[in-house]
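*Asks:* Starting from these lines, generate the structure:
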Amino acid sequence: MALTRKLKPDRSITGALIPISMFLIFGAASLAFGLSVGLIVLAIYLWALALFYLYAFLRTGNLAQLIICADDLYFGFMVFVFETNFDSEKTERIE
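*Replies:* Below you'll find the model as predicted:
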């Protein structure tokens, strides 16, 4: 007996548009205003995604959405911290 599928295969690329747009917005902001501003824009974008995934978790109760939310919060914070130390004129000398 052959297996017949009743659902069409999912070939949409809408899930990949969010990460692609993140790189495009970061690149455009970096080219227009400098790398420091681009990193701030990237951090804000990651925090906005964290809010989106938190909303998805509250609607569905899917624990994976909450984990992705925590990842986005963490990576947004790390990008923001990296940005604040990026343009510093001071260099530390380790002896």
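*Asks:* Kindly list the longest helix within the chain.
*Replies:* Using DSSP state H to assign secondary structure, the helix with the most residues in the chain is helix 35-60.
*Asks:* and the next element down the chain from that helix?
*Replies:* As assigned by DSSP states H and E, the chain's next helix or strand after helix 35-60 is helix 63-86.
*Asks:* before we move on, back to that, and the longest helix of the chain, what does it pack against?
*Replies:* Other elements packing on helix 35-60 under the criterion 3 or more CB pairs under 8 Å, 6 or more residues apart in numbering; DSSP states H and E are helix 14-33, helix 63-86. Yep, even glycine has a C-beta here, placed from its N, CA and C like the rest.
*Asks:* Pick the most deeply packed of those helices.
*Replies:* With neighbours taken as mean count of other CB atoms under 10 Å, the helices and strands packed on helix 35-60 reach their highest mean count in helix 63-86, at a mean of 15.
*Asks:* who's in contact with the residue nearest to the spatial centre of the chain?
*Replies:* In the chain, the residue lying closest to the centroid (CA atoms, centre = their mean) is Leu46, at 3.9 Å. Applying CB atoms under 8 Å, 6 or more residues apart in numbering to Leu46 gives the contacts 22, 72-73, 75-76, 79.
*Asks:* where's it relative to Arg11, distance?
*Replies:* With distances defined as CB to CB, to the nearest Å, the gap from Leu46 to Arg11 amounts to 28 Å.
*Asks:* What separation is there between Ala28 and Met22?
*Replies:* To Met22, Ala28 is 11 Å away according to CB to CB.
*Asks:* likewise Ala16?
*Replies:* Separation of Ala16 from Met22 (CB to CB): 11 Å.
*Asks:* What pLDDT does the model give Met66?
*Replies:* Just so we're on the same page, residue 66 is Leu rather than Met. pLDDT, Leu66: 93.
*Asks:* oh sorry, the question was meant for Glu92
*Replies:* The per-residue pLDDT reported for Glu92 equals 62.
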